[in-house]
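J.: below: sequence and its predicted model.
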Amino acid sequence: MKTMGRVGVAAALLVVSAACTPNSGVGAPTSSTGTAAASTDPITIGLLTPLSPPGDPAAGQLIQRGAELGVVYVNTVMKGVLNGRQVQLAVEDDAGTPATGAVGYRRLVTEKKAVAVTGQFHSSVNIAVNEVANEVGVPVISTQGSAADITAKHYPAAFRTHVIDPFRASSWLSWIQQKGYKKIALIAETSDYGVGLVNETKAQAAAGNMGLTFDIEQFDHASTDLTPQLLKAKAFGPDLVINIGVGAPADLMLDQANTIGLYPAVPMLISYDTPTRAQWFQLHPSDGVGVYFIAYFSPKEELSDAGTWLATAYQAKYNEPPAYGALNAFADVIVIAQAVQKAGKTDAKTLISTLEDPAGFKGWAAVPVTFPKDGAGAFFHTWIPPILILQYTQANQNWRDAKLEASFSKK
């Protein structure tokens, strides 16, 4: 992969604080006469992501890091947009709560004048935000929301750069068949993410006559004890447990499954990439080895020149390689900037039309990011990365060295 010299990275990072400072929240700058500000004023991109509980603040932090470096890339490497105008980030914490997210989106686009919003992680929040976006019209690019309804309603303002429930379910069902598993325990939170994945998995298994038997155990995201659900799953005698919790519940489920002897006697697949985070083995020193988990890119995968820039800049700033959430948020920001540049203006309708350009945009991957407006169902306005199923085989293993069980790409 290409690399950026240390001097170049250092110079770019010197401007990160100024470049990422959100605006005052009182609308677009105006002159003393009240007329619109000059065209040299910064263009605001909104970031709406979970930065506090009950959301997943660790995910939100990674997303914010990537988005901030996206702003640096636009302002330094791209030299801004629209004849050199800088971009800036306005940040709102959705706290993993739909109502908070809806208010945050409205604040970003009405008060802080964001031309587009990205950073969404929790599907339930994303769906609520899209209802407001469908009314207001300012586009939203989902960074890590996977529920089908995020794009299945075909709202013009709704976009996504992440896997969707049908693809995630088809991927792990293919892997389940490869492994020869027959009895599957699905332990899922009662969120749009959890319910959607349970329903999609059951529907695809039935449609494919896969001969699988399911035990479904559900819980509220705020639950602090999953022992009852885990004991019922253990009594079912599963060949595999699929952990469909997000944030703290995913960690709790693994630890309590270990306590009652369900895991590692029965293998567990974690439904998303939380084990790739740097703190995984700090949280799970005794039971973190052996889990299967989903990831969305391979260290061996070719990056774009922008993705390589991000990998180098992120390592220099945080002393660790970027996780997927940071990569994707970075790409979302630079895609918005490219769309603004290509559109030649920032009004929402033109920006939405430009994002639908089949030529696509540069993201973190070697292939372009495209948002097909003729995509069927949830594939509307959606660019999908690959899905990998990995397994930790050693304590304190870097996820990049984890065993690759399977890889799936959406063509």
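T.: In hand now; what should we look at?
J.: so how far is residue 155 from the residue most central in space within the chain?
T.: For the chain, the residue lying nearest the average C-alpha position, counting by C-alpha atoms, centre = their mean, turns out to be residue 144 (1.9 Å). Going from residue 144 to residue 155 by C-beta to C-beta, to the nearest Å gives 18 Å. From N, CA and C alone the C-beta is placed, and that goes for glycine too.
J.: same deal with residue 129?
T.: Following C-beta to C-beta, the distance that separates residue 129 from residue 155 is 11 Å.
J.: neighbour count: these two, which is higher?
T.: residue 129 (29 against 20; other C-beta atoms under 10 Å).
J.: that one sits in which helix or strand?
T.: Under the criterion DSSP states H and E, the helix or strand holding residue 129 is helix 123-136.
J.: what mean pLDDT does that helix get?
T.: Helix 123-136 shows an average pLDDT of 97 in the prediction.
J.: tell me which other helices or strands that helix touches.
T.: With contacts defined as 3 or more C-beta pairs under 8 Å, 6 or more residues apart in numbering; DSSP states H and E, the packing partners of helix 123-136 are helix 98-110, strand 117-120, strand 140-142, helix 149-152, strand 158-160, helix 192-207.
J.: of the ones you listed, which approaches residue 89 most closely?
T.: strand 117-120 (9.4 Å; C-beta to C-beta).
J.: rewinding a little: buried sites along the helix holding residue 129?
T.: By neighbour count with 16 or more other C-beta atoms under 10 Å, helix 123-136 contains the buried residues 123, 124, 125, 126, 127, 128, 129, 130, 132, 133, 136.
J.: same check on stretch 390-406?
T.: Of the residues in stretch 390-406, those buried under the neighbour-count criterion (16+ other C-beta under 10 Å) are 390, 391, 392, 397, 399, 402, 406.
J.: quick check, nearest of the buried residues of helix 123-136 to residue 330?
T.: Using C-beta to C-beta, residue 126 is the member of those that lies nearest residue 330, at 18.7 Å.
J.: next one: that closest one from residue 277, what distance?
T.: From residue 126 to residue 277 the distance is 21 Å (C-beta to C-beta).
J.: hang on, the earlier thing: now the angle from the helix holding residue 129 to helix 98-110?
T.: Using axes from the mean of the first three to the mean of the last three C-alpha atoms, to 10 degrees, the interaxial angle of helix 123-136 with respect to helix 98-110 works out to 40 degrees.
J.: what is the neighbour count of residue 409?
T.: Under the neighbour criterion other C-beta under 10 Å, residue 409 is assigned a count of 12.
J.: which non-adjacent residue is nearest it?
T.: Distances taken as C-beta to C-beta, 6 or more residues apart in numbering put residue 386 closest to residue 409, at 4.5 Å, once the chain neighbours are dropped.
J.: got it, and residue 212?
T.: Among residues not flanking residue 212 along the chain, residue 205 sits closest, at 4.8 Å (C-beta to C-beta, 6+ apart).
J.: count of residues packed around the one you found?
T.: Residue 205: 20 surrounding residues under other C-beta under 10 Å.
J.: in the chain, where is pLDDT below threshold?
T.: Low-confidence segments of the chain, defined by pLDDT under 70, are located at 1-38, 411.
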